[in-house]
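Asks: build me a model:
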Amino acid sequence: MSKPHVRVYLDDEPAPVIDRELPTTLTLDTRKLADGPHRLIIRAENQSGVEGIEEIPFNVQNGPGIMVGGLRPGSTRRGTLNLTVDAFSADDPFDPRRAEARRAIPTWVWVLCLVVVAWVVFYVATMWNVPAQYRHTPTYGTPPAASAPAETSG
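Replies: Coordinates of the predicted model:
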């Protein structure tokens, strides 16, 4: 019987990144990889020589994050497109002007605002009339008339 070992391959490279006995560790420096999709293929062999394979797809994003406004993936457009393009890097110092994409307010935010306003109008309209049992309480009733100062003759 042989000792269990593992071979790890990156993308379609024919040579393994590591070929070691188990257990082991692997340090993968993604800064040496191009941005985009990659996959790690792990081939482990147990003491009996039976091999198991695990494939792990992952994305590398070491370059700046790119935001495009005005075009969604898979959308169909015609005519002239006006797009906004911006890129953000984790290495750049924080700049509040670049913290958010410069885009229009999403429709769902407007709908949510309208729902809240409609609820407030409904609530005020239904609570405008104080129920009869509370009309004469100190909270809702009219304040007692202040006693008029006594006139003195002088």
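Asks: and the protein, what are its domains?
Replies: 5-60, 65-98 (automatic domain parsing).
Asks: in the chain, mark out all the strands, start to finish.
Replies: 5-10, 18-21, 36-45, 51-60, 65-69, 84-88 (DSSP state E).
Asks: could you dump the domains of the chain to TSV with distance to residue 125?
Replies: Backbone N, C-alpha and C define where each C-beta goes, glycine included. TSV is the format used below for the domains of the chain (distance: least, C-beta to C-beta, whole Å):
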stretch	distance to residue 125
domain 5-60	52
domain 65-98	39
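Asks: so what does residue 131 have for phi and psi?
Replies: Dihedral angles of residue 131 (phi, psi; degrees, to the nearest 10) stand at phi -60, psi 150.
Asks: need the pLDDT of it.
Replies: Among the per-residue scores, residue 131 holds a pLDDT of 76.
Asks: how close does it sit to residue 122?
Replies: Distance check for residue 131 against residue 122: by C-beta to C-beta, to the nearest Å, it reads 17 Å.
Asks: measure residue 16 to residue 44 for me?
Replies: Taking C-beta to C-beta, one finds residue 16 at 12 Å from residue 44.
Asks: what do these two both touch?
Replies: Taking C-beta atoms under 8 Å, 6 or more residues apart in numbering as the contact rule, the neighbours common to residue 16 and residue 44 are residue 7.
Asks: do I have it right that residue 30 meets residue 62?
Replies: Yes. Residue 30 lies in contact with residue 62 (C-beta atoms under 8 Å); the separation is 6.1 Å.
Asks: list residues touching both of the two?
Replies: By C-beta under 8 Å, 6+ apart, no residue touches both residue 30 and residue 62.
Asks: quick revisit: so which of the strands of the chain is the most packed in?
Replies: Highest mean neighbour count of the strands of the chain: strand 5-10, a mean of 17 (counted as mean count of other C-beta atoms under 10 Å).
Asks: give me the mean pLDDT for stretch 23-31.
Replies: Per-residue scores along stretch 23-31 average to 89.
Asks: ends of that stretch, how far apart?
Replies: End-to-end distance for stretch 23-31, by C-alpha to C-alpha, to the nearest Å: 25 Å.
Asks: next one: stretch 45-62
Replies: 33 Å.
Asks: what's it in contact with?
Replies: 1-6, 30-31, 33-44.
Asks: mind showing which ranges of the protein have poor pLDDT?
Replies: Applying pLDDT under 70 to the chain picks out residues 1, 90-103, 141-154.
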